[in-house]
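> Need a 3D model of the following:
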Amino acid sequence: MFKKIIFLFIYLILVASCSKDKSKVNTDLLQEDVETEMILAYKEGMRQLELGDALFAAKKFDEAEIMFPQSIWAAKASLMSAYALYSQNYYEDALFNLNRHIKNYPKDKNLVYAHYLAAMCYFEQLHDEKKDLKPLVKAREKFEYILKQYPNTDYAIDAKWKMGLIVDQMAAKEMYIGRYYMKQEKWAAAINRLQFVVKYYDTTIYIEEALHRLVEIYYKIGLVEEAQKVASVLGYNYGSGEWYENSYRILNKIYKTKKITKKEKDSFIREKFKKLLGK
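All right, here's what the predicted structure looks like:
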């Protein structure tokens, strides 16, 4: 009787062990199948992207990520989905995916690329100074983040260059609004815009025009002393430029830009030619 009990006990242990091993095998096989499907979906996404169907490619990359979220392929698929959308100018959708990627994969080794691609989504919406200022501001924030967090990367080098373009564009936007207010004869509003350019965008190509426009407005509204002060700043820093000459004309009505006549020009060329010949 005792032997029968021992035999039954051993039999139950073996059955349980075999059942457990079988379950483990089934789980492993299922995981392998899912991983295979995921890789196939990822490769199909790459193929469709090369063929130019970015929307279908993004869909396949999303499928790959969802199938096996714990795989190393998931983060890659997430980024590729965002890139596919970006490549066809679906900026809002790409930004949604990128923000989700940054949140879901904070330790991804390609995280800097996610930030850079987000910056480019904003940057490529900068059409001209008449458009909304929001993309300018968001692009600037993103590039500043890259410069701060990833200073020793190629992305930082490109971000620094693009920051210069963004600053120029922001200055252009302020100048556009300033000129608009001038046309509407809203002098106070125009002065505020132009002073903003002088204060914050003095390294851009718009600084000379901004100073000249201030001279124009101050003179127009009777603040001659203020006009002279601004003209002095313009003259001291950019005395040889056309904007200074324009300002000088406003304050000195009898001033005329000296023009070189054809006779004087020909005489000058002949003199230089003689010196070259040693005559």
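
> host element of residue 225?
Following DSSP states H and E, one finds residue 225 within helix 224-238.

> What's the local residue count around residue 135?
Residues near residue 135, counting by other C-beta atoms under 10 Å, number 19. (Each C-beta comes from the backbone N, C-alpha and C, glycine too.)

> Now do the phi/psi pair for the closest residue to it other than its chain neighbours.
Using C-beta to C-beta, 6 or more residues apart in numbering and skipping the chain neighbours, the partner closest in space to residue 135 is residue 125 (4.0 Å). Backbone torsions for residue 125, taken as degrees, to the nearest 10, come to phi -100, psi 10.

> Let's see the pLDDT reported for residue 125.
pLDDT recorded at residue 125 is 83.

> how close does it sit to residue 99?
Distance from residue 125 to residue 99, counting by C-beta to C-beta, to the nearest Å: 16 Å.

> These two: who's more crowded?
Shown here are residue 125 and residue 99; by other C-beta under 10 Å, residue 125 has more neighbours (17 against 13).

> these two touch, right, the more buried one and residue 91?
Yes. The criterion here is C-beta atoms under 8 Å, and residue 125 meets it with residue 91 at 6.2 Å.

> Tell me where the protein is predicted with low confidence.
Confidence mapping of the chain against pLDDT under 70 gives the ranges 1-34, 127-132, 253-279.

> and residue 237, how many residues sit next to it?
Neighbourhood size, residue 237 [other C-beta under 10 Å]: 13.

> if we can go back for a sec, now the helix holding residue 225, how far from the chain's geometric center?
Distance of helix 224-238 from the chain centroid (C-alpha atoms, centre = their mean, to the nearest Å) equals 36 Å.

> and if you look at stretch 222-235?
Worked out by C-alpha atoms, centre = their mean, stretch 222-235 lies 37 Å from the chain centre.

> can you pull the buried residues of that stretch?
With burial defined by 16 or more other C-beta atoms under 10 Å, the residues of stretch 222-235 counted as buried are 223, 226, 227, 230, 231, 234, 235.

> Give me the distance between residue 225 and residue 55.
Noted for residue 225: a distance of 63 Å to residue 55, by C-beta to C-beta.

> Which residue, neighbours along the chain excluded, lies closest to residue 224?
Once flanking residues are discounted, residue 224 sits nearest to residue 218: 7.3 Å by C-beta to C-beta, 6+ apart.

> Run a quick neighbour tally on that neighbour.
Using other C-beta under 10 Å, residue 218 is surrounded by 21 other residues.

> Might one say that residue 93 is in contact with residue 83?
No. The criterion here is C-beta under 8 Å, and residue 93 misses it with residue 83 at 11.6 Å.

> so who does residue 191 touch?
For residue 191, the contacting residues are 214, 217, by C-beta atoms under 8 Å, 6 or more residues apart in numbering.

> give me the element it is part of.
helix 187-200.

> same check, this time on residue 57
Using DSSP H and E, residue 57 maps to helix 54-67.

> and the helix or strand just after that helix, what other elements does it pack with?
Note on helix 54-67: by DSSP H and E, the next helix or strand toward the C-terminus is helix 72-87. Here helix 72-87 touches helix 2-51, helix 54-67, helix 91-104, helix 111-123, going by 3 or more C-beta pairs under 8 Å, 6 or more residues apart in numbering; DSSP states H and E.

> gap between residue 203 and residue 197?
Noted for residue 203: a distance of 11 Å to residue 197, by C-beta to C-beta.

> Between those two, point out the one with more neighbours.
Neighbours of residue 203 and residue 197, each counted by other C-beta under 10 Å, are more numerous for residue 197; the result is 25 against 11.

> right, and the more buried one touches residue 206 too?
Yes. Using C-beta under 8 Å, residue 197 makes contact with residue 206 at a distance of 5.7 Å.

> which residues are in contact with both of these two?
Residues touching both residue 197 and residue 206 by C-beta under 8 Å, 6+ apart: 171, 174, 175.

> how big is the angle separating the strand or helix carrying the second one from helix 111-123?
Pointing back at residue 174 there. Element membership for residue 174 (DSSP H and E) is helix 154-183. Here helix 154-183 runs at an angle of 20 degrees relative to helix 111-123 (axes from the mean of the first three to the mean of the last three C-alpha atoms, to 10 degrees).
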